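A.B. asks: all I have is the shape, not the residue letters:
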């Protein structure tokens with residue numbers, strides 16, 4: 001009986017030690033940043049943009065430190081007020097911090113992935129808004 005109690009105590013202590021100092025991978029920061037980019041995608045290149053987003057950009061972004069989420073949203077309708085002129089998509093990127101997002105933007109991977117989206121736009125003069133999640 002003592003041996004069983006001893007083994008339970010040892011297993012409990014080992015489990016406690018293995019969790020000490022461990023951090024959850026990909027645990028989102030409590031207040032990440034959210035970047036919104038309003039895009040005017042050329043209708044003739046819409047399928048190309050979506051393909052590149054899902055097969056090039058998103059798989060690259062997911063692997064980068066600080067990544068939380070990325071979405072490409074297609075404008076359905078403006079329910080109140082007017083939609084920004086010519087905008088048909090909104091790109092939304094969430095990162096643990098602006099510093100980590102800046103590292104992603106400066107990376108060679110991003111420099112190859114973003115143009116696959118940007119080259120499908122009618123104009124490279126798009127609005128970029130940075131928000132703090134609160």
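C.D. replies: Nice, I can see it. Owing to the predicted nature of the structure, the values given are computational and were not obtained by experimental measurement.
A.B. asks: can you map out the helices along this structure?
C.D. replies: Counting by DSSP state H, the chain has helices at residues 2-19, 46-52, 58-62, 98-106, 108-118.
A.B. asks: name the spans of the chain whose pLDDT lies under the cut-off.
C.D. replies: Segments of the chain classed as low confidence (criterion: pLDDT under 70) are 1-29.
A.B. asks: so for it, the centremost residue is which one?
C.D. replies: Closest to where the C-alpha atoms of the chain average out (CA atoms, centre = their mean) is residue 69, at 2.8 Å.
A.B. asks: and that one, bridged to which residues?
C.D. replies: Judged by DSSP bridges, the bridge partners of residue 69 are residue 94.
A.B. asks: wait, what's in contact with it?
C.D. replies: Neighbour list for residue 69: 92-94 [criterion: CB atoms under 8 Å, 6 or more residues apart in numbering]. Placement of C-beta: from N, CA and C, glycine included.
A.B. asks: restricted to buried residues, select those in ChimeraX.
C.D. replies: Burial among the contacts of residue 69 is assessed by 16 or more other CB atoms under 10 Å; the matching ChimeraX selection reads:
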select :93,94
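A.B. asks: nearest to residue 34, out of the contacts of residue 69: which one, please.
C.D. replies: Nearest to residue 34 among those is residue 94, at 5.0 Å by CB to CB.
A.B. asks: what's near enough to touch the closest one?
C.D. replies: So residue 94 contacts 28, 32-35, 68-70, 133 (CB under 8 Å, 6+ apart).
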